[in-house]
Each structure stands twice: as C-alpha cells, then as structure tokens.
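In: predicted coordinates and the sequence they were generated for:
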Amino acid sequence: MHPRLRAIVPHSVLLAVSALLYYAATLIDTHGESAGRIGPDAWPKFIIGAMAALCVYEIVKRLLVGTTFTATGLTQGLNRPPDDADRALAARPPEEHNGKLAAGIALIAAYVVGVSHVGFFLSTALFLALFSWIGGVRRPLTLAVVGLAGAFVLLVIFMRLAYVSLPIGDGPFKSLSLLLLHWVGV
C-alpha cells in the first residue's frame with residue numbers, strides 16, 4: 001500500500017464512524033422542546049461535525065502534502081539535559097508532593113459528595129479556588145476570581161450551550177442556584 005494511503009486509513013475510519021454517529025444524533029427525539037432555539041440535539045451534532053471536518057482536513061493534508069509529522073507532546077523535552085529548574089524539582093522530597101496529592105484527592109471526594117447538597121455553582125467555585133490554593137496560589141483576590149469566574153463560565157457552558165441539567169442544591173443553596181439560573185436565562 002502506498003505510504004500516503006496508509007497514512008489516511010485511521011482518519012478515514014474515524015470519518016466513517018463520524019457519519020454513523022451523526023446519523024444516530026439525527027434520531028434524537030426532542031419532542032418539539034426547542035422551538036425557536038438550539039435544542040439538545042445540536043451539541044452532539046456540532047461536536048461530531050467538527051470531528052468529521054478534522055478528519056477531512058487530515059485526509060486532504062496527508063494526501064496532498066504527505067506529512068510524516070508525529071506529535072511528541074510531553075516527551076518532546078526528554079532528549080535534552082536537565083536544567084536548574086528540573087534539578088530543583090527533583091531535589092524536593094516526595095513527601096512534599098504527597099500532601100498536595102492527598103489534599104487534592106480529598107477535595108475531589110468532597111466535591112462529589114457535596115455538589116448535590118450545595119449546588120453546582122457554589123461547589124464548583126469553592127472547588128476551583130481551593131484546588132488553586134492547594135496548588136500554591138496564595139492571593140485571595142486571584143482565588144476568588146478563579147473560583148467565581150470559572151464556575152460561572154462552566155455554568156453557562158453546561159446550561160446554555162450543552163443543555164446539561166446540573167444540581168441546584170438544597171435550602172438556601174437552591175435559592176442561590178435558581179437566582180443564577182435566572183440571570184443566565186435558563
């Protein structure tokens with residue numbers, strides 16, 4: 001088989017899978033819920049269409065250009081000698097990192113347990129701020145902005161674009177969540 005044809009095989013298979021997935025997405029029954037606006041079937045179709053477009057791009061590129069590029073990602077810098085920053089990181093005792101790891105795992109577990117009681121927005125804002133603090137950020141204003149802005153952006157993405165139902169919490173947290181959803185227009 002010609003090398004250029006061999007290079008497009010994975011992308012061609014993924015393009016065929018994209019066509020099948022797009023067909024399956026057309027079978028999503030929305031019961032007329034999306035009169036005059038994007039419905040819950042739009043998000044999967046958009047993602048599948050983007051995946052198909054990338055496949056077409058790769059097929060054309062590999063047929064016309066015949067590139068042999070391979071992504072190296074995280075291993076790209078491994079063939080160079082270590083610098084001072086690498087040596088400083090390696091000199092730290094592993095116990096220093098274990099505490100951060102344990103705190104991160106505990107925070108994730110607390111998020112999973114608490115999100116249904118506190119609501120998505122508040123629990124995500126706290127999670128983002130505390131995770132940043134565990135990672136070493138110590139500026140209160142930065143932590144507050146990261147937590148609140150990150151939670152608000154995720155709320156808008158999930159509720160307005162992807163139409164994902166999120167937990168609103170109990171008691172006073174429910175009132176806060178409903179107020180935020182009203183502001184977002186949901």
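Out: Sure thing, it's come through.
In: domain parsing for this protein?
Out: Listed domain ranges for the chain are 3-72, 92-184 (source: automatic domain parsing).
In: can you put those in a markdown table and add mean pLDDT, mean neighbour count and distance to Pro81?
Out: From N, CA and C alone the C-beta is placed, and that goes for glycine too. Supplementary listing: the domains of the chain in a markdown table, determined by pLDDT from 0 to 100; neighbours: other Cβ atoms under 10 Å; distance: least, Cβ to Cβ, whole Å:
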| stretch | mean pLDDT | mean neighbour count | distance to Pro81 |
| --- | --- | --- | --- |
| domain 3-72 | 83 | 13 | 17 |
| domain 92-184 | 91 | 15 | 20 |
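In: will you turn these into CSV that also has distance to Asp84?
Out: Below are these laid out as CSV (distance: least, Cβ to Cβ, whole Å):
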stretch, distance to Asp84
domain 3-72, 23
domain 92-184, 14
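In: closest one to Pro82 among those domains?
Out: Taking Cβ to Cβ, domain 92-184 is the member of the domains of the chain nearest to Pro82, at 14.0 Å.
In: what packs against the helix or strand hosting Gly99?
Out: Secondary-structure assignment from DSSP states H and E places Gly99 in helix 94-118. Packing partners of helix 94-118 (3 or more Cβ pairs under 8 Å, 6 or more residues apart in numbering; DSSP states H and E): helix 120-135.
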